[in-house]
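[1] task: produce atomic coordinates for the following.
(2 chains)
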Amino acid sequence: MTIEKERTERYDPATIEPKWQEEWVRSGLHDTLDTADKPNFYFLTMFPYPSGEIHVGHWYAFAPPDCAARFMRMNGHNVLFPMGFDAFGINAENAAIDRKIHPAVWTEKNMAHMRDQFRRMGTAIDWRREVITCYPEYYRWNQWMFLKLYEKGLAYRGEAPVNWCPRDETVLANEQVIGGRCERCDTPVEKRQMTQWFYRITKYADELLRFEGLDWPERVRVLQTNWIGRSEGAEITFPVEGHPGADIKFFTTRPDTIYGATFMVLAPEHPLVERITTPAQREQVRKYVDHARNMAEIERTTAEREKTGIFTGAYAKNVFTGERVPIWIADYVLLAYGTGAIMAVPAHDERDFAFAKKFGLEIREVISEDGKEHGALDAAYVGEGGMVRSGPFTGTRSEVGKKAIADEARKRGIGGPSVTYRLRDWLISRQRYWGTPIPIVHCPTDGAVPVPYDQLPVELPRDVEFTGRGGSPLAHVPAFVNTTCPKCGKPARRDTDTMDTFVDSSWYMYRYVDPKIDTAFMNAAIGKKWLPVHQYTGGVEHAILHLLYMRFMAKALRDLGELWFDEPVTRFRYQGTIVFKGRKMSKSRGNVQTPDEYVKRYGADTLRLFMMFMGPWVDGADWDASGIEGVHRFLRRVWDMASADRQPAGPREAELDRKVQRAIKRVTEDVRTYSFNTAVAAMMELSNALQKGAGPSRDEGIATIVLLLAPFAPHMTDELWHKRGGQGSVHQQRWPTYDELIAAPAELTIVVQVNGKLRDRIVAPAGSSEDALRSAALASPKVRAALAGASPKKVIVVADRLVSIVTR
RNA sequence: GCCCGGGUGGCGGAACGGAUUACGCGUCGGCCUUAGGAGCCGAUGGGGCGCAAGUCCCGUGUGGGUUCGAGUCCCACCCCGGGCACCA
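    Coordinates of the predicted model:
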């Protein structure tokens, strides 16, 4: 009994985990050199927002990537695995309003808490490279980039209908509006006409649609492609009767239907509306426009709303038919898409059809499936077909007619082929405090003047009153606002808006390579050794927002001559979301599941392993810790085996040797493909087999499983490594290799089927020939009984698997 | 409505067109124990026949199809999750 106790001390994560966490820091195990005798590998995981609420979702986001990064290290790579904080943001400011804590203080406190969580998680992060976006040393480069983009025409100030969240009292980017609601607080957003700063992401729309050479998940590519929403068609202009120069330009994807354009519709906010409306219609039109303006976006865009609209009294000329067509306004036409005006073809567009039906407008068929003319249509026909009643184009196929009409428009000088995108320019100004000040001074004489580079950073003033009302908080800080114009020296006012925090995260991966450099946003000499990022991981919820902005910023910086690559991230993988009882975890819902009690009870290694074992990482999970006992038992069994005395004497066990080899192969392949759950299963199987084994095969197998488990359970395996007399850290060891020949079993059970039914199993050497298997199967007494004298018509042999005999 | 995923034991989930359910949870039985909510060993899809060794039938959302053989491929449909949604 006492001997047993000496040999195997209890697995006690509570003592070994803190011990190794300290040891790794002391020995600098995770400090990455920029140059090593191994290939560099930049493994990046999306940095967190320091919200202060640590939940199990954080572990899910960080523990599996940490395992993959450690795996790369053991596989001979010099891995950069940095971490930092996306530290600007509205939550900090709301905390200031609610609890009277300065955002900076609140943020620092949360970052300290989260660093501690990362430590307790056992992550192999190089903290010397930490990047924190709310420090002036960081955000000055946001300002620097802003000015560079401004010089290049990639940043501009413009008036546009923007999304306004009345609760957060700020504008939002299109990407931050989910289903007509504010992404943050779920409040329905309003449309406001405002002058704001934009980044010209639309310039890169086509390039952003290209993913060649990128190893990114299909789902993310599809999401981004749909978001960009490229449509091919034509832009054509119709003149307005009695208003020379007031031509209506419109975009259509169906120029082939132009002979069926029996009316036109403008968005209510369209600039021409006021000019062309006839006096008789003026009052009604004004009412309609006001109503449309005041309607919440969510209300206006609700699908299947009945069509509304008003006739302006004006007519345009359909230059193809030569007819005069009435011009209407209706809120189903959006100012922000295309040109804010359409030619309405009720016969071939469902929306136009509904509108025409309601207001008694002409519906004229110009495309027909069978190429013949029909009477009245019951519904819009939106498919392709033969063109009818289309002047010289009659008889042409619609697919051909599209191009023909667009070309004809070009010939006549009234338009031509064109492409439109759903993607809008990135609105980056926010009427909030806790962000990067926009480095612009507004001068009464010189207008918007850039802050000179040598005056960067424009620092956020510390003393600000947080009332939560009244627009940009910075506007109420005279010491900040009042300045002089860099151009003329006269009194001027600083821009009081701050930048969207997605600006911060659009380029942080360049900062990690040398976060201290103060002469450039990136140390290019070091960056050349690491970039572009080899592997990026993060939540799928950022598929559009952050990942699209990040790609845009790389292209913009490339065009500024600052980067030498087109794409910032070569390989991307996402994790699914952890929910609790089907709902997203959040403080406001009060359903935040914290990791602490599990760490206390089972240790970080167990929780890490459980995170990876729950199911496929991409799928996420509904949090349910009931299975955590199983992985903990597994770790304890490995602990007991590996800390017991060795038993090298005795014969080898060939089957066990094969199982060890197969486990190495499976774990290696599974970690590469991020199938962490099956990798853990493979190690569990091996552990079960080792427990039944003996002798040197078992002993070597135990040594192997300690190595295989190292990226998953880093504390326990380092402890075992040392207890077993290993030098250095287990994390500095080479990943075990496998031999396909040994991994393959010598003998296999071959299934024999007769007419599709399992009738016998025979044992045959691996790699047996078809003939050998066939005759062995046919010789089986059970098979002969099943055949009952019938002669085989067909015998299918699948090597190393089965023999299927068919008599029918 | 459109575009992606996905429906497998009581549960989480495995499964190159080849023995359906690896691994784990749970449950049941046993051992150990003063005790066990610790540990170890074993069983565990449903149904029928049999004292038993066994054996037969049915099983991957539904209905068809291809194939010697389908969770896997094809067609139609149902349901669930996500995204987009009056985008011209």
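[2] closest point of chain A to RNA strand B, which residue?
    A:G630 (2.4 Å; C-beta to the nearest atom of the strand). C-beta coordinates here come from the backbone N, C-alpha and C atoms, glycine included.
[3] helix, strand, or coil at that residue?
    Three-state assignment for A:G630 (DSSP: H, G, I helix; E, B strand; the rest coil): helix.
[4] check A:R658 too.
    Judged by three-state DSSP, the three-state class of A:R658 is helix.
[5] now for the nearest residue in space to it that is not next to it in sequence: which residues touch it?
    Using C-beta to C-beta, 6 or more residues apart in numbering and skipping the chain neighbours, the partner closest in space to A:R658 is A:P745 (5.7 Å). A:P745 is in contact with A:E655, A:R658, A:A766, counting by C-beta atoms under 8 Å, 6 or more residues apart in numbering.
[6] 10 Å instead?
    Residues near A:P745 by C-beta atoms under 10 Å, 6 or more residues apart in numbering: A:A654, A:E655, A:R658, A:K659, A:R662, A:P765, A:A766, A:D800.
[7] how about A:K148?
    Going by C-beta under 10 Å, 6+ apart, the list of residues near A:K148 reads A:L154, A:A155, A:P450, A:Y453, A:F521, A:A556, A:L557, A:D559, A:L560, A:G561, A:E562.
[8] next: A:D86.
    Taking C-beta under 10 Å, 6+ apart as the test, what A:D86 contacts is A:46-51, A:131-134, A:501-502, A:504-505, A:508, A:546.
[9] could you check how far the residue of chain A closest to RNA strand B is from A:V618?
    22 Å (C-beta to C-beta, to the nearest Å).
[10] over to A:M72?
    For A:M72 relative to A:V618 (C-beta to C-beta), the value is 19 Å.
[11] before we move on, the earlier item: count the neighbours of the residue of chain A closest to RNA strand B for me.
    When neighbours are defined as other C-beta atoms under 10 Å, A:G630 has 14 of them.
[12] do I have it right that it meets A:S687?
    No. Between A:G630 and A:S687 there is no contact under C-beta atoms under 10 Å: 11.8 Å.
[13] what residue ranges in the stretch 551-700 of chain A are flagged as low confidence?
    The stretch 551-700 of chain A contains no residues with pLDDT under 70.
[14] between A:M72 and A:V618, tell me which one has more neighbours.
    Ranked by neighbour count (other C-beta under 10 Å), A:M72 and A:V618 place A:M72 first, with 22 against 14.
[15] show me the contacts for A:V419.
    A:V419 neighbours (C-beta under 10 Å, 6+ apart): A:A205, A:D206, A:R230, A:S231, A:E232, A:G233, A:A234, A:E235, A:F251, A:T253.
[16] can you do 8 Å?
    Neighbouring residues of A:V419 by C-beta under 8 Å, 6+ apart: A:R230, A:S231, A:E232, A:G233.
[17] which of those residues has the largest number of neighbours?
    In these, the most neighbours by other C-beta under 10 Å go to A:G233, 19 neighbours.
[18] hmm, the host helix or strand of A:F62 touching RNA strand B?
    With elements taken from DSSP states H and E, the one containing A:F62 is helix A:56-74. No. Using C-beta under 7 Å from any atom of the strand, helix A:56-74 stays clear of RNA strand B, with a minimum separation of 12.5 Å.
[19] buried residues, stretch A:234-254. List them.
    Buried residues in stretch A:234-254, counted by 16 or more other C-beta atoms under 10 Å: A:234-240, A:248-254.
[20] can you dump the C-alpha coordinates of it into PDB?
    The C-alpha trace of stretch A:234-254 is given here as PDB (Å, rounded to 0.1, in the frame of the first residue of the first chain):
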ATOM      1  CA  ALA A 234     -26.500  48.400 -67.500                       C
ATOM      2  CA  GLU A 235     -26.800  52.000 -66.500                       C
ATOM      3  CA  ILE A 236     -29.100  53.900 -68.800                       C
ATOM      4  CA  THR A 237     -30.500  57.500 -68.800                       C
ATOM      5  CA  PHE A 238     -34.000  58.600 -69.800                       C
ATOM      6  CA  PRO A 239     -34.700  62.400 -70.200                       C
ATOM      7  CA  VAL A 240     -37.500  64.000 -68.300                       C
ATOM      8  CA  GLU A 241     -40.100  65.800 -70.400                       C
ATOM      9  CA  GLY A 242     -39.900  69.600 -70.000                       C
ATOM     10  CA  HIS A 243     -36.800  69.500 -67.800                       C
ATOM     11  CA  PRO A 244     -33.700  69.600 -70.000                       C
ATOM     12  CA  GLY A 245     -30.700  68.400 -68.100                       C
ATOM     13  CA  ALA A 246     -32.800  66.700 -65.500                       C
ATOM     14  CA  ASP A 247     -32.200  63.200 -66.800                       C
ATOM     15  CA  ILE A 248     -32.900  60.100 -64.700                       C
ATOM     16  CA  LYS A 249     -30.100  57.700 -64.600                       C
ATOM     17  CA  PHE A 250     -31.000  54.100 -63.500                       C
ATOM     18  CA  PHE A 251     -29.400  50.800 -63.100                       C
ATOM     19  CA  THR A 252     -30.900  47.500 -64.300                       C
ATOM     20  CA  THR A 253     -29.900  43.900 -64.400                       C
ATOM     21  CA  ARG A 254     -32.400  43.300 -67.100                       C
END
